[in-house]
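Trainee: next comes the sequence, and after it the predicted model I'd like to discuss.
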Amino acid sequence: MSQSIGSQCNELKKEYDACFNKWYSEKFLKGDIRPECEELFKKYKDCVMVAVKQKQIDKLLVEARKDDPFTSSSSENKGKS
Amino acid sequence: MKLFEATHTFFYDWSQVSAANWRKYPNANCPHVVAIDVLDRHVDPETGVLRTERLITCHQTIPGMLNRMCGGCTISYAREVSEIDPQNKVLKMTSCNLSMNHLINVTETVTYTEDPTNLSRTLFKQEARIKCGESISRFAGYIENFFIQRFRDNAAQGRKGFENVLMGQGEAA
């Protein structure tokens, strides 16, 4: 498993990645798109966001999302129709 | 603006390749990628497309001139947005640099699609656009060429590294 930007998040990342990779191969690729691993993701993400703020990457991300927002394509289409 | 393009065929089916894509790092062939974090992720309930936003942390030296301008930044960050359509078997990833983007824009798009002529193979396409900002336009040729060469080297190493991940996955299965 790859490292996290926050060394304190490595364990949480490892648990989440393991859960996601299993879900991806065993569920998602077989047509079951119901999300799993949400709890693990929340814990891991909370940890990452602290590191992201500390390193002042949060502002860079806000700027980047202005040009290329992270939204689903269907919700964009809904807005247009 | 400079463009780098590459194509490759992986002798593994799309499902194997798309799963291995999440396990590519850490990779001995790509030591410059030091951390990868998922920032956001969801499946679109209507299309079934999985979208993921990741933060990539790299550690790699850059030309002295750029290094001085950004105050000795050997650590750089990139944002990657990927979309995986499991129905049509398409994986598309777009990455942009977050660091130094007032000086230079590096955008990379990678796609993995099922080979229509052989379903046990996967076609890989990579494209990078490198564009220097106005403030360093005088040195644009030099800097853009540097990054094109960097892409060429990293891409060749990345393919090799990915082949190793795929091979390992095959053995594990």
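Mentor: Cool, got the structure. Numbers count the residues shown, from 1 in each chain, chains lettered A, B, ... in the order given.
Trainee: kindly report the residues of chain B close to chain A.
Mentor: Residues of chain B found near chain A (CB under 8 Å from any CB of the partner chain) are B:15, B:18-19, B:22-23, B:25-26, B:33-51, B:53, B:55, B:57, B:77, B:79, B:81, B:83, B:86, B:94, B:96, B:98-99, B:101. For glycine as for every other residue, the C-beta is placed from the backbone atoms N, C-alpha and C.
Trainee: please list only the buried members of the residues you listed.
Mentor: B:15, B:18-19, B:22-23, B:25, B:33-39, B:41, B:43-44, B:47, B:49-51, B:53, B:55, B:57, B:77, B:79, B:81, B:83, B:86, B:94, B:96, B:98-99, B:101 (16 or more other CB atoms under 10 Å in any protein chain shown).
Trainee: surely B:N29 and B:G158 touch.
Mentor: Yes: taking contact to mean CB atoms under 8 Å, the distance of 6.8 Å between B:N29 and B:G158 places them in contact.
Trainee: in the worst-scoring helix or strand of chain B on mean pLDDT, what's buried?
Mentor: None of the helices or strands of chain B scores lower by mean pLDDT, DSSP states H and E than helix B:64-69, at a mean of 78. Using 16+ other CB under 10 Å as the test for burial, helix B:64-69 gives B:L66, B:M69.
Trainee: and that helix, what does it pack onto?
Mentor: In this structure, helix B:64-69 makes packing contacts with helix B:140-172, judged by 3 or more CB pairs under 8 Å, 6 or more residues apart in numbering or on different chains; DSSP states H and E.
Trainee: so the residue lying closest to B:V38 once chain neighbours are set aside is in which element?
Mentor: Residue nearest to B:V38 in three dimensions, not counting chain neighbours: B:R54, with 5.5 Å by CB to CB, 6 or more residues apart in numbering or on different chains. Remark: B:R54 resides in strand B:50-59, with elements defined by DSSP states H and E.
Trainee: what is the mean pLDDT for that strand?
Mentor: Strand B:50-59 shows a mean pLDDT of 96.
Trainee: got phi/psi on residue 44?
Mentor: In the absence of a named chain, this looks at chain A. With angles defined as degrees, to the nearest 10, A:Y44 sits at phi -60, psi -40.
Trainee: actually it's chain B I care about, not the one you picked
Mentor: Per-residue torsions, B:D44: phi -70, psi 120 (degrees, to the nearest 10).
Trainee: that one and B:T52 touch, don't they?
Mentor: No: checked against CB under 8 Å, the pair B:D44 and B:T52 is beyond contact range at 11.8 Å.
Trainee: lowest-pLDDT helix or strand in chain A?
Mentor: Lowest by mean pLDDT, DSSP H and E among the helices and strands of chain A is helix A:73-80, with a mean of 42.
Trainee: where in chain B is pLDDT low?
Mentor: The model of chain B has pLDDT under 70 over residues B:170-173.
Trainee: okay, now the unreliable bits of chain A?
Mentor: Low-confidence regions of chain A, defined by pLDDT under 70, span residues A:72-81.
Trainee: now do the helices in it.
Mentor: For chain A, applying DSSP state H gives helices covering A:10-26, A:38-54, A:58-67, A:73-80.
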